[in-house]
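Enquirer: Fold the stuff below for me.
(chains A and B)
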2 protein chains.
Amino acid sequence: MRTSIATVSLSGSLTEKLTAAARAGFDGVEIFENDLLASPLTPQEIRARCADLGLGIDLYQPMRDIEAVPAAEFARNLRRARHKFELMDRLGADTVLVCSSVSPLAVDDDALAAEQLSELADLAQDFGVRVAYEALAWGRHVSTYDHAWHIVETADHPALGTCLDSFHILSRGSDPKPIEDIPGEKIFFLQLADAPLLGMDVLQWSRHHRCFPGQGGFDVAGLVKHVLRTGYDGPLSLEVFNDVFRQADAGLTAVDARRSLLILQEEAGIEALPAPAAPTGVAFAELVTHDAEPVVALLAGLGFARTARHRGKPVELWEQGEARILVNTGPAALPHARLRPRGGTPADGTALAAIGLESPDPAAAARRAEALLAPVLPRRRAAEDAPLDAVAAPDGTELFLCATDRPELPNWRADFEDVPPAAATTAAATAAAATAAIAATLGACRVDHVALTQPWHHFDEAVLFHRGVLGLDAQESVDVADPYGLLRSRAVTNADGSVRFPLTVGAAPGDDTAHARHIALATDDVIAAARRLTEAGGRLLPIPANYYDDLAARFEFADGELETYRDLGILYDRDAHGVFRHCYTHTVGRVFFELVQRDGGYQGYGAGNAPVRLAAQHAVR
Amino acid sequence: MRTSIATVSLSGSLTEKLTAAARAGFDGVEIFENDLLASPLTPQEIRARCADLGLGIDLYQPMRDIEAVPAAEFARNLRRARHKFELMDRLGADTVLVCSSVSPLAVDDDALAAEQLSELADLAQDFGVRVAYEALAWGRHVSTYDHAWHIVETADHPALGTCLDSFHILSRGSDPKPIEDIPGEKIFFLQLADAPLLGMDVLQWSRHHRCFPGQGGFDVAGLVKHVLRTGYDGPLSLEVFNDVFRQADAGLTAVDARRSLLILQEEAGIEALPAPAAPTGVAFAELVTHDAEPVVALLAGLGFARTARHRGKPVELWEQGEARILVNTGPAALPHARLRPRGGTPADGTALAAIGLESPDPAAAARRAEALLAPVLPRRRAAEDAPLDAVAAPDGTELFLCATDRPELPNWRADFEDVPPAAATTAAATAAAATAAIAATLGACRVDHVALTQPWHHFDEAVLFHRGVLGLDAQESVDVADPYGLLRSRAVTNADGSVRFPLTVGAAPGDDTAHARHIALATDDVIAAARRLTEAGGRLLPIPANYYDDLAARFEFADGELETYRDLGILYDRDAHGVFRHCYTHTVGRVFFELVQRDGGYQGYGAGNAPVRLAAQHAVR
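Expert: Residues are numbered from 1 along each chain as shown, chains lettered A, B, ... in the order given. Got it, this is the predicted structure:
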């Protein structure tokens, strides 16, 4: 189906909005009147610009406070409408949105509304324009879609139809099923927006908190299915008022928007996309740095051993159990830095720049990502490398789709040649190897989760990307109190929990880089691991004694248990399913590590402990 | 009365919070448990720190989900409480806040609640602790203050009283009058917070949008009066959860908080402050710059003439009618730059740094400002200057309290010596003088308003400062769509409109400096003024033709009227009271000028036109 987006959904000048919509692949736009008023382009120039960009002008909007008013007022409204129809003629737009009135002059008289809308439609017809009448959720007398449709049906005018808007319908809790009773040819337009489920005045909710389908709590796809059953064949058009998108880069928002619409079309059964192939594990995490010594010392202290090095580039593989960390000191690091690398750059010290995901079908996963507008990265970084499928996440993190040790598929591991443990290349690595001998291992070590800080303006996009493109499930969003602002965190995970990415966003746009990313390593004995690490001279993040006094108040522990946690700096959480114990290393550049032990069915991340951890990190900074 | 603030109201570590509270002059604090848990200081060290800072610990909070639960759960709760009472003993806190339960285990049984709270109070008494029981607005079974009081009354225990919280009471719309029926000695604590009147889920409203009294829509002073009639003599304590304050500088927030409490005490009749002496006009606006030529050329083009220069410093006075602009090129500019000068600094090109306010009693106005914690600036910048009273606004703008041409009072004008119009000092001024001869005057020119962009974290503070300290009235807040984000604007004015400051805040913290300040000059013939300016070669901000097409649709004009506006770039607004016409100059550094003509009783600022103006300014940037 034809896809469209309202210019109000994007930031910038009208020209910037149009360009962004076209580049993201939309077929058309709704021209929001205020964007036209503020543009130095004439309507004819806007028309030409859209034509050049391959964009149709699917709607001109909105026309307000038209109907069910005294005759003198309606005459003024018709005069105003005539001006707009003339404008639409120059613009080349043939459908206008009329919102149900919020005017204090409007009366509760459906017959009058129908009569005046019919008169408006007469005038519109003279200009070749169709009028799409929509119920605003906060309309003065008309606030539900069935009411608006009743008026349209009463007017029974060929140039008058209804416009359906998922926000206005679902925000009021209206049942979308009866939409199917409207003849498809009388639905002149369909506007789509999602929204988080907030208990809030609907006008404020609408003006500030709409989001793209799949980013909120409404069943937008379900609504679309009802609309399609009417035979509606007009555009699917996004109209989103959102305080954050207003500030964000229009080009990135437009891609996010279109991706949302593609996923929606898939859910509604309109569009066939390559099926998701959800990742089944973390193959590796790649750190980039100009100075490997601090992070290599930390890895060694954690019990990692350098097992291999890249055949052609300065990249080392550090392994422990199933956890693999690449340390990249090469100039080729971050080839896609233009994609806003949120993990940081080598200039920040050490940064987390790439993740290898075990995929049941790397090629299929890459095809889906490409179909959903993820930038596809070159399959190989160098001629001799294995041809790995890779895409960039919205935050610029490179995601390599891996098939580790599956002989029939390209294997990233084949780019590496083993090194004997003693072949340390730097003084730090030598020291680290000695430390490692003491630290031994973390036990059955693997990557439990990778916490990825996200750019402020693109948090909802990141969640949708990981859900829709990678096939992960999004968990509930939680607020976390940092001493200097509230953070928001939402984890995306695969079904068995072997891939977990808590996505975190700072308190404000300027806060993008305030928080480091981290790699959490799962162990089956966090106490032993923490003890070995500290005995080997490693440092764990110091946790205040007051925290342990509170644990003592909240839980009962076995003799000596709490003292052990206190001595080592281990944090503790318990829920209905199980127990979580975790501790943190110091931060190197923009990266730190967490050691975690999950017992029972604990599925969380110790969010209740995060404020203590964050305060402790600020304290040692 | 004793004043206190909850540590959760301020950002940073516990140490930073305590220091900020003490510096702002609070008598005590409420220790928010999470702040203590995250602090590396032991309870004894916190106690000593507070003692050193002269702060009492007036409350420890909160203790949750205690009452009306099955016996086994209550036993666990008592165990937890005992830990906290031991902690409070070390901390030296003698009152604990217990919030009404939100636990799914809690039952709707007031007798059980009273019995268990009584048992808790028995235990508390052993530690010398008093229990203050508060109804959360979203409590599971107890959500109103009278219900909580009924339970406390039933329990009838000397160590059990109630805590009143203005947010929990007023957010539910409870009538505060019956508070007077509670014996004052049974009100153990009084927490105060205001909030904007939002239609929103009360928990979300409470956790994110509270503000200091006088910054929202509640009658907090009225509630305090009811409480005082009971004989309550405990602290007035601020407890504010606010997403913005969490990010802001703790020291500045604490000053804002204490100022709010002083104004509240004045309103409640507890505290006598020097009476406000609202300003009666704008004496001058002062621009600072390292390069005067661009702004001097602009002033001359607007019809200003250089009439005087400062006797001791490189400051020129430019005048037209009653409008006076100082142009300061001296190194002494912005002596109080440490106060976050939001107008910008000379490094930005030209910036608006100071405003002279005509005051009926400059000394009294300064005394009030000082009593309300405004930084008082040195009365004279140099030995030979007139001793002017001056204070800094929260945004760093210097406010000089002037008595222009009142012989009995120090007169800023006396620091200036007249210069003949021909005595131009720079090439630009020469050219400007020539231009001025053409431009002539704006007519009966005076400063209509000065638009002051504000730092993002301190917008509510700025409004309260102008209202409470200067005695201006705050108008409604309006959202204004900039192409790159929503701005918020709220005007503060004096009664006759001769002093008007629209305060504007950007879309996000990083946006502080995105928008220039501006000086609006009132004229009685904006068309003639605009025409003279353009005929003299001056430039006005170009306004898109589409805007005028929209005006034609919305309003009927006399023949040729609209064409005149279109030709000149004049914007138009009309409301029930009158008509507003205005146009804009180009921007110099961080400052531009607006020419306005108000007819009839129009009191606004053309907010509906602001998006067009902002887009036009972005377009010419």
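
Enquirer: alpha carbons only for contacts and neighbour counts from here, please
Expert: OK.

Enquirer: Now for residue A:283: which residues touch it?
Expert: Counting by C-alpha atoms under 8 Å, 6 or more residues apart in numbering or on different chains, residue A:283 makes contact with A:323, A:324, A:355, A:356, A:357, A:358, A:402, A:404.

Enquirer: quick check, the third one in a helix?
Expert: In this case it means residue A:355. No: assessed with DSSP: H, G, I helix; E, B strand; the rest coil, residue A:355 is strand; it does not lie in a helix.

Enquirer: How about the contacts made by it?
Expert: Contacts of residue A:355 by C-alpha under 8 Å, 6+ apart are A:282, A:283, A:284, A:285, A:286, A:397, A:398, A:399, A:400.

Enquirer: quick check, nearest of the residues you listed to chain B?
Expert: Of all the contacts of residue A:355, chain B sits closest to residue A:397, with 24.0 Å by C-alpha to the nearest C-alpha.

Enquirer: hang on, the earlier thing: quick one: which two of the contacts of residue A:283 are the most distant?
Expert: Greatest spacing in the contacts of residue A:283, by C-alpha to C-alpha: A:323 and A:402 (14.4 Å).

Enquirer: Which one's more surrounded, the two?
Expert: residue A:402 (30 against 19; other C-alpha atoms under 10 Å in any protein chain shown).

Enquirer: helices and strands of chain A: which one bottoms out on pLDDT?
Expert: helix A:427-439 (a mean of 54; mean pLDDT, DSSP states H and E).

Enquirer: And the next helix or strand past that helix?
Expert: With elements assigned by DSSP states H and E, the helix or strand that comes after helix A:427-439 is strand A:446-454.

Enquirer: Are the next helix or strand along the chain from that following strand and chain B in contact anywhere?
Expert: Moving toward the C-terminus from strand A:446-454, the next helix or strand (DSSP H and E) is helix A:459-464. No: residues of helix A:459-464 are not located near chain B by C-alpha under 8 Å from any C-alpha of the partner chain, the shortest gap being 15.6 Å.

Enquirer: any idea of the mean pLDDT for the next helix or strand after helix A:459-464?
Expert: Later in the chain than helix A:459-464, the nearest helix or strand by DSSP H and E is strand A:473-482. Mean pLDDT, strand A:473-482: 95.

Enquirer: how about strand A:473-482: buried residues?
Expert: Buried residues in strand A:473-482, counted by 16 or more other C-alpha atoms under 10 Å in any protein chain shown: A:473, A:474, A:480, A:481, A:482.

Enquirer: May I have the residues that are in contact with the nearest residue to residue A:1 once chain neighbours are set aside?
Expert: Closest residue to residue A:1 apart from its sequence neighbours, by C-alpha to C-alpha, 6 or more residues apart in numbering or on different chains: residue A:235 at 6.5 Å. The neighbours of residue A:235, taking C-alpha under 8 Å, 6+ apart as the test, are A:1, A:2, A:3, A:4, A:58, A:189, A:190.

Enquirer: got the residues of the stretch 151-300 of chain A near chain B?
Expert: By C-alpha under 8 Å from any C-alpha, the part of the stretch 151-300 of chain A that sits against chain B consists of A:198, A:199, A:200, A:201, A:243, A:244, A:246, A:247, A:248.

Enquirer: Got a PyMOL select line for the buried ones in these?
Expert: Filtering these down to the buried ones (16+ other C-alpha under 10 Å) takes a single PyMOL command:
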select buried, chain A and resi 200+243+244+246+247+248
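
Enquirer: Please convert the residues of the stretch 151-300 of chain A next to chain B to TSV, extending it with secondary structure and distance to residue A:108.
Expert: Shown next, in TSV, are those (DSSP: H, G, I helix; E, B strand; the rest coil; distance: C-alpha to C-alpha, whole Å):
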residue	secondary structure	distance to residue A:108
A:198	coil	29
A:199	coil	28
A:200	strand	26
A:201	coil	22
A:243	coil	33
A:244	coil	36
A:246	coil	35
A:247	coil	39
A:248	coil	41
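
Enquirer: Between the residues of the stretch 151-300 of chain A next to chain B, which sits nearest residue A:156?
Expert: residue A:201 (33.6 Å).

Enquirer: Name all residues that make contact with the residue of chain A at minimum distance from chain B.
Expert: Nearest residue of chain A to chain B, counting by C-alpha to the nearest C-alpha: residue A:200, 4.0 Å away. By C-alpha under 8 Å, 6+ apart, the contact list for residue A:200 reads B:198, B:199, B:200, B:201.

Enquirer: possible to save those as JSON lines with distance to residue B:561 and pLDDT?
Expert: Output for the contacts of residue A:200, formatted as JSON lines (distance: C-alpha to C-alpha, whole Å; pLDDT from 0 to 100):
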{"residue": "B:198", "distance to residue B:561": "42", "pLDDT": "92"}
{"residue": "B:199", "distance to residue B:561": "43", "pLDDT": "92"}
{"residue": "B:200", "distance to residue B:561": "46", "pLDDT": "92"}
{"residue": "B:201", "distance to residue B:561": "49", "pLDDT": "94"}
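
Enquirer: buried set for stretch A:113-128?
Expert: Within stretch A:113-128, the residues that count as buried by 16+ other C-alpha under 10 Å are A:113-125, A:127-128.

Enquirer: Of these, which is the nearest to residue B:136?
Expert: residue A:113 (46.2 Å).

Enquirer: so that closest one sits in a helix?
Expert: Yes: judged by three-state DSSP, residue A:113 forms part of a helix.
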